[in-house]
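S.K.: make a model of this:
(2 chains)
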Protein chains: 2
Amino acid sequence: MDIQPQNHTRCTELSQDKEFMESLQICLIDNQKANHLAEIFKALSDPTRLRIISLLLDNEVCVHVLESVLGMSQSSISHQLRVMRQLRLVRYRKEGRHVYYALDDNHVRLLFAQGLLHVEHEE
Amino acid sequence: MDIQPQNHTRCTELSQDKEFMESLQICLIDNQKANHLAEIFKALSDPTRLRIISLLLDNEVCVHVLESVLGMSQSSISHQLRVMRQLRLVRYRKEGRHVYYALDDNHVRLLFAQGLLHVEHEE
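M.R.: As a prediction, the model looks like this:
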């Protein structure tokens, strides 16, 4: 998809264009927001976590099922899920001896889906 | 937003449900795709890169303007932009002595916007 920038005149003119410079200052996210945003993307930058997310897109799934589908040991899965809970990517619900995992909120699902579109676009 | 999982019966029943297990296998992304996706999220997990992206959301901007708005040296900005070009987050266009940067494609814009929604939801 081509980009249609709204402004692309000479930089010397632009930097003297008070209105344009002010509009950029409004667009600029502050350091706190940038750090928070970077943390979210960092949480998603692990292949195993992404594979787990792919399984939780439409389903609430028990640890034993994740173990079986991913072919990983329960201790490895449990470790990843603990990290993912801390990162607020997933949440869990206990039912007797069973623990069921789901995505923490719809934003995780949408971020994953958007990233996947990007990958498929590049491939 | 609440999650409405399609399946949340007991895991012992689920793991014996051939149809459900097959549907999970279809959802599961392969290692190659997971690695590629993790790289994209990793590229976005840097606060300075995210601040630069916030300035390029609606604009094609010259290095000198970025330097002025971000209050960073031109060499620091140039270094980040070089990394961001390699990661295919941004692309550039030369016009005489001026170099203009824009987001590489619309997916970067959408990923950033989605991440920001997540941050604002959490805040």
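S.K.: going by C-alpha atoms from here, please, whenever you check contacts or count neighbours.
M.R.: Noted.
S.K.: what sits against residue A:52?
M.R.: Contacts here follow Cα atoms under 8 Å, 6 or more residues apart in numbering or on different chains; on that basis residue A:52 touches A:66, B:28.
S.K.: how far away from the center of its chain is the host helix or strand of it?
M.R.: If you go by DSSP states H and E, residue A:52 is part of helix A:47-56. Helix A:47-56 sits 11 Å away from the centroid of its parent chain (Cα atoms, centre = their mean, to the nearest Å).
S.K.: cool, stretch A:28-48 as well?
M.R.: The chain centre lies 8 Å from the centre of stretch A:28-48; the measure is Cα atoms, centre = their mean.
S.K.: cool, and stretch A:74-81?
M.R.: 20 Å.
S.K.: name the residues of that stretch that are buried.
M.R.: A:77, A:81 (16 or more other Cα atoms under 10 Å in any protein chain shown).
S.K.: how much space between the residue nearest to residue A:34 when sequence neighbours are not counted and residue A:30?
M.R.: Excluding the flanking residues, the one nearest residue A:34 by Cα to Cα, 6 or more residues apart in numbering or on different chains is residue B:47, at 4.7 Å. Distance, residue B:47 to residue A:30, by Cα to Cα, to the nearest Å: 9 Å.
S.K.: chain A: strands as residue ranges?
M.R.: For chain A, the strands defined by DSSP state E cover A:61-62, A:90-95, A:98-103.
S.K.: and the ones you listed: which comes nearest chain B?
M.R.: Closest of the strands of chain A to chain B is strand A:61-62, at 5.6 Å (criterion: Cα to the nearest Cα).
S.K.: close to chain B, is the closest one?
M.R.: Yes. Strand A:61-62 lies within reach of chain B by Cα under 8 Å from any Cα of the partner chain, at A:61, A:62.
S.K.: average pLDDT for that strand?
M.R.: Taken as a whole, strand A:61-62 has a mean pLDDT of 92.
S.K.: now swap in stretch A:22-41 and tell me
M.R.: On average, stretch A:22-41 scores 93.
S.K.: could I get the buried residue list for that stretch?
M.R.: A:24, A:27-29, A:33-41.
S.K.: and the end-to-end length of it?
M.R.: Terminal residues of stretch A:22-41 are spaced 28 Å apart (Cα to Cα).
S.K.: dump the residue contacts of the nearest residue to residue A:54 once chain neighbours are set aside.
M.R.: Nearest residue to residue A:54 in three dimensions, chain neighbours excluded: residue B:28, at 5.4 Å (Cα to Cα, 6+ apart). Contacts for residue B:28 (Cα under 8 Å, 6+ apart) come out as A:51, A:52, A:54, A:55.
S.K.: thought the last one was touching residue B:30?
M.R.: The reference is to residue A:55. No. The pair residue A:55 / residue B:30 is not scored as a contact, 11.4 Å apart, by Cα atoms under 8 Å.
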